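S.K.: Coordinates only, no sequence provided:
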């Protein structure tokens, strides 16, 4: 190599003009192939090579509203081997139901190295009927994450047996909600150390009494005949099941004040201690009706404060077609804000948490509104794709009416500008985000444990997309896994604050969010180039507080209630990733 | 007592008013002749001809004033006067149409067509009626027939085009509209009309094309740019706001005072978050239509966007005041309260703001239920008036154009004249009926006369007397009271009114009036009984005793006297003597009213339930409509644990008198016993509403709520009961 160079160099010295010309030519050659903008991060669609062959079933015409609304999925570690497995919920069609057909939901075991193996049938989680969404949580505190799958008709509480299989214990546990259930969330609302369950219901739908496609005002969209509803259809209330601690639950919806007597159209759920009073609150995104914001009074009951808190409707006072929901501290003021995805011609709403149960719709000020108007938004999350310590926003889109040319829609990735505004940048990632799809649920998590957040997006009409984040881990980060002792084993409800120099971030462990989906329960915090974490504080639902100081970066830290750090594993260094 | 005949003279005087005077005179004279000959039926028929004509004229007056509910009523009354005739049926159907009562218009029009198949107006109206009911095939058929009969009827042709579009038959509609253009000329007005037809039936690209053609013909044609802009928005929503804004700007430049141009451009600027220009435009729109809540609603939003919350509060309060009803526009009402709440919070009026926010939440829930019902009815097959959208094409309220003042005066004069004719006509029929002793019908006719002309001389007396004679005492009272105000010393009126009060258990008033009457007519024995009983019931024992003594002198031994004596004994605690007097009353007349009832009451108070039940049943056998006897019988039956029978009796009572609190209470209690918790709650809630100060009602209601699983509500009612009892105890201790 050096010899060659010397020979070239010698030649150049003998003919400087020719060398210059060559240099110019070389530069031109290189510059022609240089990217117009430097983008070190990409998302790679690894679905096919990962071994995921799942296809979501849906009727092409979607003549009935129930055929447009499925698409939840979960990233969770069912076998406790330290990596995230995937559960994909499948649905049916009206024709299939009438012909007594079946579909299969699927569980994929993460084998490492980007490969997954289908184990749904063996695990006993495939035959669930007309599935909608899923939430994970260790309801019996045996150390294994269980699943609650929501359906049109009977739901399913799938108890993880710890040996790779699940048992449907719905009837025995008393947690069946036979209505059209959509969102679900395991939450310890009474802080007694076990996980209770909150579910939202959508429409009082009777498959034997279907509204006629295209007939009437609520079955037309801009004069095009479409499926009917939801407006005009009878809504269904919500349910809260209190865990009795013995494998059974009691329906406490009415006495807790969360029954939804109005019958609003419940969709996505998120649980969070919005007012930071130590009691977890519940937020329900309702489609075409005002949202519910239930403040936990700490005595086993809730007070609905949506209108007075400013989260029931948008700044104009209008209820919106709300579907997905996420919470995160986007402006680093220590309070968890809310973001909700909505229907077309209705902007996605960003509610800034002003504290003391007061929120302000800052969607336009934050520049997340206008860009969302043409789309129907579903799965969403505040997640730090580039590990710079500021959570960004992702939205999966797709219309409900296949009759429209705009049925399939692109995704939105909105980068946090660190000044309380966002910039839409999905075009920078090429087709993988810009491609038009009928997306629904999205789950986020580090599937390869390399320190950046990947995602899996459900597609209503076909296979999901498993997108591996490549390059996000160029910045540092840390992941926190919580293990409750006095609190529920999953640590759901734990509030984690990470301080690294001037950067303070806060998040909570949750079951169920986005659109009817479950993301990785390990909390991810980007740290940019910071080389150490000053403190990690975990406030458990029990009230216990654990504090760890001087943690390293680029690792998964397991914190056990009352014991502090009990384990840490460095991120896996991935080989050079090609496209 | 005689009915007043002064009205006949009055009737004569009004015949001097043209133009119907000759017709009315002719029929009046005929009626008079028949009356003199004793032919009441024929006389009444003549008056009915007058009434039919007068009602029809009234109907036309109301229609001209756009008061269609009133015109429907008038035309229906005209029809009732001549049920076999087809005159006026088309006008009736038109009134139904404009009043939104489409289904009712079908039968009259079909009758007209059955009598005259070539009646193009009837076919046209029937076509439009079917259209409004969403029956487009039938509508098409009628409108095609209309055009066959009257080829130049462009209104029918236009509506037929709408039918085709509603049936999604675009080629037929296009063909028809092109023919219209050929005949009427390729003018912007025609293009706009066709464009609106396409727009309202969902053919938006075709609509845009038509509006553009209109613009090519005349870029300044009023409203065409506004229609085009609106259609852009209908079709493509937010994606075409910029284009829509351009169109509205052109419209505004050409017609700066046009309400809709200002209004819609203002809204679009709000959507673009350009609040200052929006404010200017919406303020102008509000000045153009100051009683329209819509511009204030959006102006409130613009003020909020501009941070002018004090101004927002003012206009949002105005929009709410102008538009309180959910059924009008539930989104606007509920959202206005929300926005008002937000602005109140911003200006520091926290308590008011929170109240508005909570109100908004409650109203949104109510609005949601309304929506569910409305659309649910549609989806389950109950047809919506789907043509209604075409009537409100702009989607917003517009104030109706005021009537020409001269025309308005003329209509007012006509209304005054014809209402007098109607009143006089009914009064005359009332007199005929009264002469035939048909007091029930006479009272109905007099009541109608009073409705149309309350100031007609002598009418109150006629009404009162007729009701009294037909035993409708409650209805007699208002008329007699009015008459007494005019002539306070009239003994005849006092007597009628006093007796009516007595028969409706208003003993205090009865005793006051009858005392005056008896003072003048001291030899009329029949007056003493109601006076004495009224005094007794009113607690005036001494006065009652004096009257009884007088009654003995004047009237001697009558059953009523013994009933009175029994009351007097009972008040003094002499139960056996009271019972003895009642036996004497029955011995004189076993059908005398109230004797058995009072006997029953005495037994009831003594706890002798079977005897009480028997007496109440005997009372009902002579006096089947006695409500109190029925109630007490039901009470005793329940007390004897014959629950099913008792429930049935109480149900009959509440059907007759839904506001009878005691019956509601007893029924509620019995239903709770039977396990019908829902029925129990319904009745007990009504009882509590009617008599909120009764602790026993709240107590039962509390028990019912608890039985229904509504624990906290139940406990609340029990607490109310407890507090009422304590209050009553405290009052009695004082």
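M.R.: Arrived safely. This is a predicted model, so every value here is computed, not measured. Residues are numbered from 1 along each chain as shown, chains lettered A, B, ... in the order given.
S.K.: Check which residues of stretch A:321-341 are buried.
M.R.: Going by neighbour count (16 or more other CB atoms under 10 Å in any protein chain shown), the buried part of stretch A:321-341 is A:321-332, A:335-341. The C-beta positions use only the backbone N, C-alpha and C, and glycine is treated the same way.
S.K.: so which residue of the stretch 351-500 of chain A comes closest to chain B?
M.R.: For the stretch 351-500 of chain A, the residue closest to chain B is residue A:373, as judged by CB to the nearest CB, at 4.8 Å.
S.K.: if you skip the residues just before and after it, what's nearest to that residue?
M.R.: Counting by CB to CB, 6 or more residues apart in numbering or on different chains, residue A:373 lies nearest to residue B:238, which is 4.8 Å off, once chain neighbours are set aside.
S.K.: Report how many residues lie close to the one you found.
M.R.: By other CB atoms under 10 Å in any protein chain shown, the residues close to residue B:238 number 17.
S.K.: helix, strand or coil for it?
M.R.: With DSSP: H, G, I helix; E, B strand; the rest coil as the basis, residue B:238 sits in helix.
S.K.: Tell me how far it lies from residue B:245.
M.R.: Residue B:238 is 12 Å from residue B:245, where distance means CB to CB, to the nearest Å.
S.K.: what's the answer for residue A:551, then?
M.R.: Residue A:551 is 55 Å from residue B:245, by CB to CB.
S.K.: Can you classify residue A:182 by secondary structure?
M.R.: Strictly by three-state DSSP, residue A:182 counts as strand.
S.K.: Spell out which residues of chain A are next to chain B.
M.R.: Within chain A, the residues that sit near chain B (CB under 8 Å from any CB of the partner chain) are A:211-212, A:215-220, A:222-223, A:228, A:231-235, A:262-264, A:289-290, A:306-308, A:310, A:312-313, A:315-319, A:344-345, A:364, A:373-374.
S.K.: Among those residues, which lie within helices?
M.R.: Among the residues of chain A next to chain B, DSSP state H puts A:306, A:307, A:308 in helices.
S.K.: how about those residues in a markdown table, adding pLDDT and neighbour count?
M.R.: Compiled in a markdown table, these are given as follows (pLDDT from 0 to 100; neighbours: other CB atoms under 10 Å in any protein chain shown):
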| residue | pLDDT | neighbour count |
| --- | --- | --- |
| A:306 | 95 | 23 |
| A:307 | 92 | 26 |
| A:308 | 91 | 22 |
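S.K.: Report the contact partners of the residue of the stretch 101-250 of chain B found nearest chain A.
M.R.: Closest to chain A within the stretch 101-250 of chain B is residue B:202: 2.9 Å, counting by CB to the nearest CB. The contact partners of residue B:202, by CB atoms under 8 Å, 6 or more residues apart in numbering or on different chains, come to A:220, A:223, B:165.
S.K.: What is the end-to-end distance of stretch A:203-215?
M.R.: 18 Å (CA to CA, to the nearest Å).
S.K.: Buried ones in stretch A:105-117, by neighbour count?
M.R.: Within stretch A:105-117, the residues scored as buried using 16+ other CB under 10 Å are A:105, A:106, A:107, A:108, A:109, A:110, A:114, A:116.
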